[in-house]
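*Asks:* Pasted the sequence and its predicted model underneath.
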Amino acid sequence: MRVLTIEDDRATASVIADELTVHGHEVTVATTGRDGLALALSEPFDVITLDRMLPELDGLSLVRTLRERSVSTPVLMISALSDVDERINGLRAGGDDYLIKPFSPDEMLARIEVLHRRQAVAPPNQTELRVGDLVIDLIGRTARRGDRVEKLRETEFKLLEFLARNAGQVLSRRMIFEHVWGYFFDPGDNLINVYISALRKKLELPGERPLIETLRGKGYRIDGRD
């Protein structure tokens, strides 16, 4: 990936750049909003990380300008402003995801990878999603494994589709809550566990290879191997 990081705090910019570089990605850093906007408008990037508070041009104005100029590059907004209203403002301005400082470099990387994959999802006329021996019918909202077809409830389907579109990637609880339930926080209850358990009962019969993995303290992952 080519990633543009727009961040005026050099320590934070270094953390982002180091994490991405060590995983083989190319990073360009801009330290002001105006410089970042100029780069985003003139060069192709796969993902942009954008600080909310920037000198010369703030993050909200920057992302609004990008969307007005029809730049669709996914934007991960990063900010110390953790209020729910601030996060909503960032998303409504045109951001695709919102990460609160201080953050885990691992989660930052995972969110960037998810945004990149989401940008490259299958064409609109796709009707099936395949992950290993699992086939998800995007129209009928069913899941097939072997000769068994399971009808999924709305939330079960959204959760399974999110896991499947990011097969092999560990998705944190907060990422799942944001995408599936629309919460910008982890409510800390066992809601996810209930739905993961329901999916396992339908898709992992005795003797079958497990599909959904729980990584304690990290999140969940669907196995994309055949």
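*Replies:* Received it, and whenever you're ready, just let me know what you need. Residues are numbered from 1 along each chain as shown.

*Asks:* what ranges do the strands span in the protein?
*Replies:* 2-6, 26-30, 47-51, 75-79, 97-100, 128-131, 134-137, 142-145, 148-151, 212-215, 219-222 (DSSP state E).

*Asks:* Buried deepest among these, which one?
*Replies:* Here the criterion is mean neighbour count by mean count of other CB atoms under 10 Å, and of the strands of the chain the winner is strand 47-51, at a mean of 27. From N, CA and C alone the C-beta is placed, and that goes for glycine too.

*Asks:* Which neighbours in the sheet does that one have, and how are they oriented?
*Replies:* Strand 47-51 has its sheet partners listed here by DSSP bridges as strand 2-6 (parallel), strand 75-79 (parallel).

*Asks:* Work out the gap between it and the centre of the chain.
*Replies:* Averaged C-alpha coordinates place strand 47-51 at 13 Å from its chain's average position (CA atoms, centre = their mean, to the nearest Å).

*Asks:* and what of stretch 79-90?
*Replies:* 17 Å.

*Asks:* taking the mean pLDDT, what do you get for it?
*Replies:* Stretch 79-90 shows a mean pLDDT of 82.

*Asks:* what's the answer for stretch 161-173, then?
*Replies:* 88.

*Asks:* Same check on stretch 197-215?
*Replies:* Mean predicted confidence for stretch 197-215 is 89.

*Asks:* That one: which residues count as buried?
*Replies:* Using 16 or more other CB atoms under 10 Å as the test for burial, stretch 197-215 gives 198, 199, 203, 211, 212.

*Asks:* what residues does the helix or strand of the chain with the lowest mean pLDDT touch?
*Replies:* Using mean pLDDT, DSSP states H and E, the weakest-scoring helix or strand in the chain turns out to be helix 84-93, at a mean of 83. Contact with helix 84-93 is made by 52, 59-60, 63-64, 67, 77, 79, 81, 97-98, 100, 184-185, as judged by CB atoms under 8 Å, 6 or more residues apart in numbering.

*Asks:* residues in contact with the closest residue to residue 28 other than its chain neighbours?
*Replies:* In space, residue 28 comes closest to residue 4 once its chain neighbours are excluded; the distance is 5.2 Å by CB to CB, 6 or more residues apart in numbering. Neighbour list for residue 4: 27, 28, 30, 36, 39, 40, 43, 45, 47, 48, 49, 73 [criterion: CB under 8 Å, 6+ apart].

*Asks:* give me every residue that touches the second one.
*Replies:* What that stands for is residue 28. 2, 3, 4, 5, 39, 43, 45.

*Asks:* So which of these sits lowest on pLDDT?
*Replies:* residue 43 (88).

*Asks:* what about that residue, neighbour count?
*Replies:* Residues within reach of residue 43, counting by other CB atoms under 10 Å, total 10.

*Asks:* if I look at it, how far off is residue 77?
*Replies:* Distance, residue 43 to residue 77, by CB to CB, to the nearest Å: 20 Å.

*Asks:* Which two among the contacts of residue 28 are spaced furthest apart?
*Replies:* Across the contacts of residue 28, the longest distance by CB to CB is 13.1 Å; it joins 5 and 43.
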